[in-house]
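A.B. asks: Sequence first, then the predicted structure:
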Amino acid sequence: MSNFVQQQHTVCEFSDSNSWVILSPIEQSIKNKIEAVGVPLKDWNINIYRGVLTGCNEAFIINTEKRDEILSNCKDEAERKRTEELIRPILRGRDIKRYEYSWADLYLIATFPARHYDIEQYPAVKAYLLSFAEDYLRKNGCEWVVADYLADYCRQKLSQTGKFIVINGTELSISGKKEKARKKTSNKWFETQDSISYWEDFDKPKIVYPETTQGAYFAFDDKGFYIDKTCFILISNDAEYLQHTLSSRLFEFAYKCIFASVELGEHGYQYNKHALVKLPVIKPSKSFKFDDNDIDSQIYKLYNISKTQIDEIESI
C-alpha cells in the first residue's frame, strides 16, 4: 500500500479557508488553466435569483385552456388587457435543456406581493382562484389545515352553505386525515408565497437553468419567460456569452469535477448558486462572438486546453 501511495500520490495545496477538493494531476492542471485566465463569477456584475415560489402551483400555474377561459370571463377589454399582463408564460426545470428550452404552454398568475395588486381590478382571476380554493379544500373529504388568507372565505362559505367549519380562523375540519395547505405568510390570499421584488428582471435578457439536472442545461431567454421554484435566472449584460460558456463541455466538467458541485445520485447534480459563482470565466472582449457550430472547440481554445486534457474531459 505504501508503494502504491508513493507512486500514485499527487500534491494538493490548501492555502486558504475556502472549500477544497482533492484532484488528480490532470484535473489540477485543467483547474490551473481555467483559474489563470478566468474571473470568478462572484466578481462579475451579475445577479442570480430563484424562480417563483407560489405555495400552491395547482392554482397559480395554469394551462392555455384555463388562461383562455379566464380571459373570456373578463367583463370588458380593459380588464382583459390587465389580466393578459398579469398571466405570464412560465418555464419549469424539466423544460430547460442545454442551449434551449421547450415551453409546455403553461402560464403563471403573477400576483407578486411586491407589486401590491388590487384583486378587485381582476374579477375573472379572483373568481377562478376562489373556485379553485373551494375545490382544493374539499377534495378527498380530508381535513385541511389552512392559512389565514382563506379564513374569511371559509367563514363566508359556512354562512352560505353550512358545509365548512372554521376553528380559530385557521383550521377547516371536514373528516379523515390532515393535509397541509401552503405556508402561512402575511401576504394576501390571492398573492404568491414569495414577494418577488426582482420581478422586473424576468423581462430582461437572461440565462435560465434548472437547479437539479443531469447536464449543463443553460438556456438564453429574451422572451420574458418567468420560471418556477425549481429554476434560477442569471442576469448579466453578457448573458448570451455566459450561457454558451456555462453550457460547454469544459465548464460542465469543471463544475461537476473540480469546483465542488453537489452530486445527486449516479448521474444528477445540483447547480448550487454558491458553487456556481466560484467558476472563473474569461471576460469577453467587445468584438468576441461564439460560432454556434462548434462552441466546445472554441471554449477549449480560449482556455488553452490540450488534447490530453480534452480527452479526459470528454471521457467523463
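C.D. replies: Yep, that arrived.

A.B. asks: so where's the stretch 151-300 of the chain uncertain?
C.D. replies: 151-184, 260-267 (pLDDT under 70).

A.B. asks: in it, which spans are helices?
C.D. replies: 151-161, 239-247, 249-253, 273-276, 295-302 (DSSP state H, counting those that start in this stretch).

A.B. asks: Make CSV from these and add distance to Cys74 and mean neighbour count to it.
C.D. replies: From N, CA and C alone the C-beta is placed, and that goes for glycine too. Below are the helices of the stretch 151-300 of the chain laid out as CSV (distance: least, C-beta to C-beta, whole Å; neighbours: other C-beta atoms under 10 Å):
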stretch, distance to Cys74, mean neighbour count
helix 151-161, 22, 14
helix 239-247, 35, 22
helix 249-253, 46, 23
helix 273-276, 39, 16
helix 295-302, 45, 17
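
A.B. asks: which one of those lies closest to Val37?
C.D. replies: Nearest to Val37 among the helices of the stretch 151-300 of the chain is helix 295-302 (7.7 Å), distances taken as C-beta to C-beta.

A.B. asks: Distance from that closest one to the middle of the chain?
C.D. replies: 27 Å (C-alpha atoms, centre = their mean, to the nearest Å).

A.B. asks: which other residues reach the helix or strand that comes right after that helix?
C.D. replies: Per DSSP states H and E, the first helix or strand lying C-terminal to helix 295-302 is helix 307-314. With C-beta atoms under 8 Å, 6 or more residues apart in numbering as the test, helix 307-314 has contacts from Ile26, Glu27, Ser29, Ile30, Lys33, Arg249, Leu250, Phe253, Tyr300, Ile305.

A.B. asks: angle of helix 307-314 against helix 295-302?
C.D. replies: 140 degrees (axes from the mean of the first three to the mean of the last three C-alpha atoms, to 10 degrees).

A.B. asks: buried ones in helix 307-314?
C.D. replies: Buried residues in helix 307-314, counted by 16 or more other C-beta atoms under 10 Å: Gln309, Ile310, Glu312, Ile313.

A.B. asks: Let's have the contacts of helix 307-314 in a markdown table, adding distance to Leu276.
C.D. replies: A markdown table is the format used below for the contacts of helix 307-314 (distance: C-beta to C-beta, whole Å):
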| residue | distance to Leu276 |
| --- | --- |
| Ile26 | 23 |
| Glu27 | 19 |
| Ser29 | 22 |
| Ile30 | 18 |
| Lys33 | 19 |
| Arg249 | 17 |
| Leu250 | 15 |
| Phe253 | 14 |
| Tyr300 | 21 |
| Ile305 | 20 |
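
A.B. asks: Go through the residues you listed and name the one nearest Lys97.
C.D. replies: Of the contacts of helix 307-314, the one sitting nearest to Lys97 (C-beta to C-beta) turns out to be Arg249, at 14.9 Å.

A.B. asks: Contact partners for Gln298?
C.D. replies: Phe290, Asp291.

A.B. asks: run the last query once more with 10 Å
C.D. replies: Applying C-beta atoms under 10 Å, 6 or more residues apart in numbering to Gln298 gives the contacts His244, Thr245, Ser248, Phe288, Lys289, Phe290, Asp291, Asp292.

A.B. asks: nearest to Ala216, of the contacts of helix 307-314?
C.D. replies: Lowest distance from Ala216 to the contacts of helix 307-314 (C-beta to C-beta) belongs to Arg249, with 7.9 Å.

A.B. asks: Could you check how far the closest residue to that closest one other than its chain neighbours is from Glu211?
C.D. replies: With C-beta to C-beta, 6 or more residues apart in numbering as the criterion, Arg249 has its nearest non-adjacent residue at 4.9 Å, and that residue is Asp296. Separation of Asp296 from Glu211 (C-beta to C-beta, to the nearest Å): 24 Å.

A.B. asks: now do Asp221
C.D. replies: Distance from Asp221 to Glu211, by C-beta to C-beta: 16 Å.
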